[in-house]
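> Can you look at this prediction? I've put the sequence above it.
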Amino acid sequence: MNRSIPYAALLLLPMMLNACSCDSGTGYVRENDVTTSSGSAPGSACTVDADCASGRCQGGVCSTGGCDTDADCRDGEVCVFGECTPDSTFECTADTHPIIDINPAEVDFGAVTMGRTETRSVTVRNLGSCLLTIQGVGFSSTTPADFTCDACEPSAYPRRLPPNRSLTVNITYAPAQAGERTGVLQIRSDDETYPTQMVPLVGHYEGQARFLVEPELMDFGYLAAGSSATRTVRVSNVGDGNAVLTVTDARLFQAGTPPPFASTPTISFPSATVQLSTTTQGATDCLTTGGCIDLEVTFHPQGFQDYEGELVLSYEAVTGQTQTARVQLKGFSTTPPVLALDHTVIDFGSKEVGTTVEPVLVRIQNTGQTPMTVSVSFSPNSSTDISVQAPSPLELPVRPGFDALMRVNYDPTQLGPITAEIRVASNDPTTYDANFGAGVKTIVVRGNGTPNQFNDILKLEMTFENGDSGFFGNDFRDVDLLLEGPQGDLCTKPRYSYDAQGRITGIIEDPCTTWTYGGTPRWQALGIAQEPERIILNNAGSSQGDYTVKASYEEDCASIPTQLLASLLGIGIDVLVDYISGGVIDIGAGNISSFIANNCWDHASSGVTVNIYINGSANMTCAGRLGSKGQVNDIAIVTRSAQGQFSARCVP
C-alpha cells in the first residue's frame, strides 16, 4: 500500500535515525527503549515522569514513547513512525497551510422504516502540509432531531489533525414521522479557503405497517374422525409506503392428545422470522412480492368430540414493539349434520308480467346432531326472474333440530316459461349430488309469464366491488341502487328500525311507496350482504320521460379486521361472532356502523355495474366508479317514449 509522508515528518527522519544504536546481532533499538540506571523500567507503575527510566509516565504506567496509533500518545502528541511526536512539529508557517477534505459531500440515507435506524459515516481529512484545527462539528439549527451524531459534543473540540490524518463522524437517521427529512452537518475549521463546510443530509420514511390476518375465525365444521382437512390463513402487511412488518412467531394453543390442529411453516424468533413489505388487501401477487405469507392449518380429529384452538401470531409493526393477533380454530367430529328441504320443486304457474307474486318459503332443516353451515347459489342459465332471500346470518349455522327460512321470489318480467335451479350447499357429508358433490341439494323453480295491458317491464340489477362475499369479512363497502322518475320520484332501499341486538324490527320509511308518476316500482336486495340490489318498475302505461339510474356510496371502508372491530366494541372476537351468528348482546347496529366509520383502516373506491332488462331480456350493461362515501353518480338513463317503449343508454 502506498502511503504519503508529510514534509514535516521527513524533516524528523534524520533525527530519528541518528537517535538509534545499531548492532549486527540485535538489529536496532530506540533511544527511549534503553533503561538508565535510575527510574523504573517500562510497564512499571508510576506517578510522575521522574519515576520512570524513560522519563515518560503515561496513564500511571512507565512508557517508552513507542506507539501504534495516536491513542497511545499524550495529549498534544501524534504517532509518527511508531514514535509519539509533539503535534507542534507540524505547526503551520507562512509557506504551509491546512486543506480540509470532506467525503462524502452529501449523505443520503434513502428510505428508512419507522422504528429502525440507519448510520452513515463522514470522513474529515487534512490534505495540507500542516496542522488542521477542527473547531467544532454539529448540526444546523433547522436540522430535525431525526438526525444524531456521535462526534458532535462541543467538549470534544478543538481537535488538531496532522497532515494526512482524518476524523470519522458517524451520523444516524431514525425517522420520527412520515415524509422526507433534510438537515445539514456543519464542520468548522481553520482552513483559510473553506472555514465552514456544509454536508447536506436527507432521508425519508413513508407509511405505516399494518397487520392483517384472514380469516380471523376458521371453522372446519364437521369432519369425520381420522380424516383431515387443510385451510389457509393469510398474513399480510396492508400498510403503506416503505414500512416493513415482521412476523416473529406463529404458535398453536390447543387441548387434546394427539393435538387436532397443525400449522406450517414454522415461524419463531429469532432465526425463523418473516419480513413483509407493503401490499394492498386482496392483491393476487403478494406472495411473490413479499407482502404476505400463507400458513396452512390442518384439522385432523382423532376422536368423536368438539375441538377448539387458537393460532397466535406475534408481529412487530414497529421494531421492539411486539403485538399479537389470534385466529380462532373450531371443528368437530361428532355425529354429522343432515340437510333436509321441504321443497325440491317450486312451480309458480302462469302469472301476468309486472304483477306481484306471493313468494314461497323453503325450510332448510338440520335433522342431524351438530351445527350445519348453509350457502345458497343459482346454477348457470337460471332465469333472473327468480331470486332468493337467503337465510339471515342470525339463523346460521343451523342448529341441530332447527331450520332456517329461505324466501323464493318470482318477479315475472319475461313472457313465456322460465326455469331456475337453486343450489343449497351444506357441510352434510351424508348428502351427495352427482353434479355438485357432497352436501348439496337442488330446488327446481318454474314459472310462466303471461301478457297484461302494461307489458313493458323495466328491471335494474346492480352489483358493486367488494372484497368479501361472506358476512364475516372485513370489507364493509356498501352501495345502494336508486331510480329517479320523470317527475323526481325516488325509489331506493327502505329505512329500517332495529332492536338492541341489531335485528330489523320494521320499516320506518319506504321511498318506493310514495312514487306518483310513471309506474309502480319496488326495491329488492338479495343475499346476506344485500347484493345484488334490484328495482323492478311495471305499470308505466302511457307515461313518458327519462328515468335516471343512480348509485349512492353509503360506506367506503374497504378494510377493518373483525378482531379490531370486536376489540373496539369492548368484546372478544368469539363474542362478536356469536352475536353475528344469532347470540344476544346489547350492541345496536348503529354503534357498529359508527365504529366502522371512525376506525376504518382503508377507504377505497368501488366499481358499480348495473344490468338493465326490458321485458325480461337483457338490454344493456352500464358501469361506473364511486370515489368516496356520500358520492351519488348517474349510471344510466332509461327513456320511456310516447309510444310506450323503453330504451336505455349509459351515462359516461
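Received the coordinates, thanks.

> CA only for contacts and neighbour counts going forward, please
Noted.

> Got phi/psi on Ala156?
phi -80, psi 0 (degrees, to the nearest 10).

> What of Thr513?
Torsion angles at Thr513 (phi, psi; degrees, to the nearest 10) stand at phi -80, psi -10.

> List the contacts of it.
Thr513 is in contact with Cys491, Pro521, Arg522, counting by C-alpha atoms under 8 Å, 6 or more residues apart in numbering.

> Glu91 now?
Cys130, Leu131.

> So which bits of stretch 217-227 are buried?
Buried residues in stretch 217-227, defined by neighbour count with 16 or more other C-alpha atoms under 10 Å: Leu217, Met218, Asp219, Phe220, Gly221, Tyr222, Leu223, Ala224.

> In a markdown table: the contacts of Thr513, plus distance to Ser350 and secondary structure.
Formatted as a markdown table, the contacts of Thr513 follow (distance: C-alpha to C-alpha, whole Å; DSSP: H, G, I helix; E, B strand; the rest coil):
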| residue | distance to Ser350 | secondary structure |
| --- | --- | --- |
| Cys491 | 28 | strand |
| Pro521 | 21 | strand |
| Arg522 | 21 | strand |
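
> export those residues to TSV and tack on pLDDT and distance to Ile614?
Below are those laid out as TSV (pLDDT from 0 to 100; distance: C-alpha to C-alpha, whole Å):
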residue	pLDDT	distance to Ile614
Cys491	95	18
Pro521	91	14
Arg522	88	15
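
> what about Val202, how many neighbours?
For Val202, the neighbour count with other C-alpha atoms under 10 Å is 17.

> Angles on the backbone of it, please.
phi -150, psi 140.

> switch to numbering from 34
Taking 34 as the first residue, the last one we looked at is Val235.

> Tell me the bridge partners for it.
Bridge pairing for Val235 (DSSP bridges) gives the partners Asp141, Thr215.

> Let's see the pLDDT reported for it.
On pLDDT, Val235 comes in at 94.

> same question, Ala86
In this prediction Ala86 is given a pLDDT of 87.

> my guess is it contacts Gly76, does it?
No: counting by C-alpha atoms under 8 Å, Ala86 stays clear of Gly76, with 10.7 Å between them.

> who touches both of those two?
With C-alpha under 8 Å, 6+ apart, Ala86 and Gly76 have common neighbours Cys95.

> more neighbours, these two?
Neighbours around Ala86 and Gly76, counted as other C-alpha under 10 Å, are more numerous at Ala86. The numbers are 23 against 14.

> Roughly how far does the more buried one sit from Gly99?
Ala86 sits at a distance of 14 Å from Gly99 (criterion: C-alpha to C-alpha, to the nearest Å).

> cool, and Cys182?
Counting by C-alpha to C-alpha - Cys182 and Gly99 are separated by 32 Å.

> And for Asn666?
Taking C-alpha to C-alpha, one finds Asn666 at 86 Å from Gly99.

> what's the answer for Thr525, then?
Counting by C-alpha to C-alpha, the gap from Thr525 to Gly99 is 94 Å.

> Between these two, tell me which one has more neighbours.
Thr525 (23 against 18).

> and the closest residue to the more buried one other than its chain neighbours, what are its bridge partners?
Nearest in space to Thr525, with sequence neighbours left out and distances taken as C-alpha to C-alpha, 6 or more residues apart in numbering, is Leu515 at 4.7 Å. Counting by DSSP bridges, Leu515 forms beta bridges with Lys583.

> show me what contacts Leu515?
Leu523, Cys524, Thr525, Lys526, Ile568, Val582, Lys583, Ala584, Ser585.

> Which single one of those is nearest to Pro208?
Each of those was scored against Pro208 by C-alpha to C-alpha, and Ser585 proved nearest at 40.8 Å.

> So what's the residue count around the closest one?
Counted with other C-alpha under 10 Å, Ser585 comes out at 20.

> Kindly report the same for the one 4 residues further on.
Asp589 sits with 26 neighbouring residues when counted by other C-alpha under 10 Å.

> Leaving out the residues flanking it, which one is nearest to it?
Residue nearest to Asp589 in three dimensions, not counting chain neighbours: Arg510, with 4.7 Å by C-alpha to C-alpha, 6+ apart.

> Surely that neighbour touches Cys590?
Yes: between Arg510 and Cys590 a contact is recorded at 5.3 Å, counting by C-alpha under 8 Å.

> Okay, now the sheet partners of the one helix or strand Val641 maps to, with direction.
Following DSSP states H and E, one finds Val641 within strand 639-647. Looking at strand 639-647 with DSSP bridges, its partner strands are strand 491-497 (antiparallel), strand 650-659 (antiparallel).

> Show residues contacting the last one.
It stands for strand 650-659. Contacts for strand 650-659 (C-alpha under 8 Å, 6+ apart): 447, 585-586, 638-646, 665-666, 668-669, 681-684.

> repeat that with 6 Å
Strand 650-659 is contacted from outside by Ser638, Ser639, Gly640, Val641, Thr642, Val643, Asn644, Ile645, Tyr646, Cys683, using C-alpha atoms under 6 Å, 6 or more residues apart in numbering.

> try the shortest one
Contact with strand 491-497 is made by 565-570, 640-647, as judged by C-alpha under 6 Å, 6+ apart.

> Select from these the one having the most neighbours.
Highest neighbour count within the contacts of strand 491-497, by other C-alpha under 10 Å: Val643, with 25 neighbours.

> Identify the bridge partners of it.
Under the criterion used here (DSSP bridges), Val643 is bridged to Met495, Cys655.

> where does it land on pLDDT?
Taking Val643 on its own, its pLDDT is 95.

> doesn't Val390 make contact with Asn442?
No: using C-alpha atoms under 6 Å, Asn442 and Val390 do not qualify as a contacting pair, with a distance of 7.4 Å.

> So what's the residue count around the residue nearest to Cys182 when sequence neighbours are not counted?
Leaving out its chain neighbours, the residue that sits closest to Cys182 by C-alpha to C-alpha, 6+ apart is Ile204, at 4.5 Å. Counted with other C-alpha under 10 Å, residues neighbouring Ile204 total 20.

> ok, which stretches of the stretch 284-433 of the chain are strands?
294-297, 307-309, 325-332, 339-351, 354-365, 372-374, 378-385, 393-399, 407-411, 419-422 (DSSP state E, counting those that start in this stretch).

> Ok, which of the ones you listed comes nearest Pro131?
strand 339-351 (46.3 Å).

> and the angle from that closest one to strand 354-365?
Here the directions of strand 339-351 and strand 354-365 differ by 160 degrees (axes from the mean of the first three to the mean of the last three C-alpha atoms, to 10 degrees).

> can you pull the buried residues of strand 339-351?
Within strand 339-351, the residues that count as buried by 16+ other C-alpha under 10 Å are Tyr340, Glu341, Gly342, Glu343, Leu344, Leu346, Ser347, Tyr348, Glu349, Ala350, Val351.

> What distance do you get for Ser174 to Val217?
Counting by C-alpha to C-alpha - Ser174 and Val217 are separated by 9 Å.

> scratch that, Arg479
Remark: distance between Arg479 and Val217 (C-alpha to C-alpha) = 79 Å.

> neighbour-wise, which of those two wins?
Val217 (21 against 18).

> Okay then, goodbye and thanks.
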